[in-house]
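**Student:** Turn this into a structure:
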Amino acid sequence: MGDFNAKVGSDNSDYEYVMGHHGLGEMSENGELLAEFGGNNDIVIGGSLFPHRPVHKVTWVSRDGLTDQIKSTTSASAENGEGASLWIHRQEEKIGRRFNTRRLEDAAVRRSFVEELENQAAEGGSVEDQWTAIKNAFIATGENNLGELRTQRKQWITDDSWMKIEERRDAKAAIERAKTRGAKAAARQRYTALEKEVKRSCKRDKRAWTESLDDEELDDLADRISAAGIKINVNKTKSLDINTVNPSNFTVAGQAVENVESFQYLGSQMASDGGTKIDIGARIKKARAAFASYRNIWKNNQISRRTKTRIFNSNVKSVLLYASETWCVSVENTQRLQVFINRCLRYIIRAWWPHNWISNAELHRRCHQKPIATEIRERKWRWVGHTLRRGGNEICKQALDWNPAGHRSRGRPTGSWWRSLSKEIKEVDESLTWQQVKAMAGNRPGWRSFTTALCTTRGAQEEK
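**Tutor:** Numbers count the residues shown, from 1 in each chain. Modelled structure (predicted):
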């Protein structure tokens, strides 16, 4: 199929089943489309699974001197020798033995490991013989000096729960071994039942273990915690400055805290510029992975379009619009979200160019979809209404009236969530004030009419 002008980058979060983390740079827009294609068709970008030299990952240099990455795939087979394919079908991987390499921190163990490894080094023979001898030497030396790394067992999990966990692992392997659709469906159904049983059993075990702690054990645990003190993990502590010129520098326990440009908090990406571009990009990635996981449903001709649309709304769009009530969306971000939704809907109803091409308006009509900007506005004002009806001491309600101290810099003010709120109110009625809107929230029928007018105004503007 030729070369794709796509850069997949090294961050494979939400794309673990599509690509590895041995790419270059950051994922480009074509890289997102390539990853989406791989997820929808159950194939993996093989060139990113294993470490390679950068020169082997790059096929051209851009005009600005920055190296770009191209992942290629060919339709030629490996037998005729017409090039190697960087796309591979997913197959079951065999995980090798893992040794406890932490023991190498001990000088005596490290010295013994090196000496024994040097004594077992083999010389001469073919390349295969030398490689086999090296591999066996590392395995034997690791067994003698390091030992295998085993997962620590949680003390509150009982033997019965561990037996259920083993049954679940066997059921998952049975899904991969199934040859027919019926056998695969039966194995998947058994795995789902065991998954629910394992979760219920572990919850029961943890609840019973917590309740079994008597007062004496709790006092002993408190004494040990107070004796050891509360230690902050500085490596996991990050600092994020929002809309500041001079970043703050401070230390914890004598160690400097790393200052970052973005940070994930409760599933949302907080950016140093206060914007939502990074968060929206992360939500699109997660929604793309969710959409790819239902590709068997989208391709099934026995399922009606109405059912597919309902599944898309509940399982994909809900992931995409998570925490969208707090977004300050721009035209660019709204366009990115709308393009992703349109692409998903066209994949579901097979409305592709040139044979089955339809307009976006017709696409939304067939799938009963509203413009994404209207949905975000509806969610935002629904959340504002719930917040205004809360008690007077609620922090989230107080935050709506909070006015930060200080002066903004010269120039046009950047867009913010509060400014977008005020602008939308003026679109309905120029004379409305924030105090009048707050008083309106207590009257649910009146609030419903107000939010309907807000969203109707937005919809009329988008149609124009």
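**Student:** When you work out contacts or count neighbours from here on, use the C-alpha atoms and nothing else.
**Tutor:** OK.
**Student:** tell me the helices in the stretch 1-150 of the chain, going along the chain?
**Tutor:** Counting by DSSP state H, counting those that start in this stretch, the segments of the stretch 1-150 of the chain that form helices are 29-40, 54-57, 107-119, 127-145.
**Student:** Shouldn't residue 269 be within a strand?
**Tutor:** Yes - the assignment for residue 269 is a strand, going by DSSP: H, G, I helix; E, B strand; the rest coil.
**Student:** Residue 372 versus the nearest residue to it once chain neighbours are set aside, what's the distance?
**Tutor:** Distances taken as C-alpha to C-alpha, 6 or more residues apart in numbering put residue 279 closest to residue 269, at 4.6 Å, once the chain neighbours are dropped. Residue 279 sits 16 Å away from residue 372, taking C-alpha to C-alpha, to the nearest Å as the criterion.
**Student:** Can you pick out the residue with more neighbours from these two?
**Tutor:** residue 279 (22 against 18; other C-alpha atoms under 10 Å).
**Student:** In contact with that one, which residues?
**Tutor:** Going by C-alpha atoms under 8 Å, 6 or more residues apart in numbering, residue 279 touches 268-271.
**Student:** what's the spacing between it and residue 53?
**Tutor:** As judged by C-alpha to C-alpha, residue 279 and residue 53 stand 32 Å apart.
**Student:** hang on, the earlier thing: now the helices of the stretch 1-150 of the chain in TSV, with distance to residue 309?
**Tutor:** Output for the helices of the stretch 1-150 of the chain, formatted as TSV (distance: least, C-alpha to C-alpha, whole Å):
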stretch	distance to residue 309
helix 29-40	17
helix 54-57	39
helix 107-119	59
helix 127-145	53
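**Student:** deepest of those helices, which one?
**Tutor:** Greatest average neighbour count among these goes to helix 29-40 (a mean of 19), per mean count of other C-alpha atoms under 10 Å.
**Student:** Residues contacting that one, please?
**Tutor:** The contact list for helix 29-40 (C-alpha under 8 Å, 6+ apart) reads 4-9, 15, 17-19, 44-45, 285, 288-289, 291-293, 295.
**Student:** Counting neighbours, which of those end up buried?
**Tutor:** 5-9, 15, 17-19, 44-45, 285, 288-289, 291-293, 295 (16 or more other C-alpha atoms under 10 Å).
**Student:** Show me those that map onto strands.
**Tutor:** Taking DSSP state E, the ones among those that sit in strands are 44-45.
**Student:** Let's verify residue 369: helix, strand, or coil?
**Tutor:** What three-state DSSP gives for residue 369 is coil.
**Student:** Tell me how many other residues crowd it.
**Tutor:** By other C-alpha under 10 Å, the residues close to residue 369 number 16.
**Student:** Can you list phi and psi of it for me?
**Tutor:** Dihedral pair for residue 369: phi -120, psi 140, per degrees, to the nearest 10.
**Student:** Now do the contacts for it.
**Tutor:** Counted by C-alpha under 8 Å, 6+ apart, residue 369 has zero contacts.
**Student:** repeat for the one 3 residues further on
**Tutor:** The neighbourhood of residue 372, defined by C-alpha under 8 Å, 6+ apart, consists of 334, 337-338.
**Student:** hmm, try it at 7 Å
**Tutor:** residue 338 (C-alpha atoms under 7 Å, 6 or more residues apart in numbering).
**Student:** roughly how far apart are it and residue 298?
**Tutor:** Computed as C-alpha to C-alpha, the residue 372 to residue 298 distance reads 21 Å.
**Student:** for residue 192, same thing?
**Tutor:** Distance check for residue 192 against residue 298: by C-alpha to C-alpha, it reads 21 Å.
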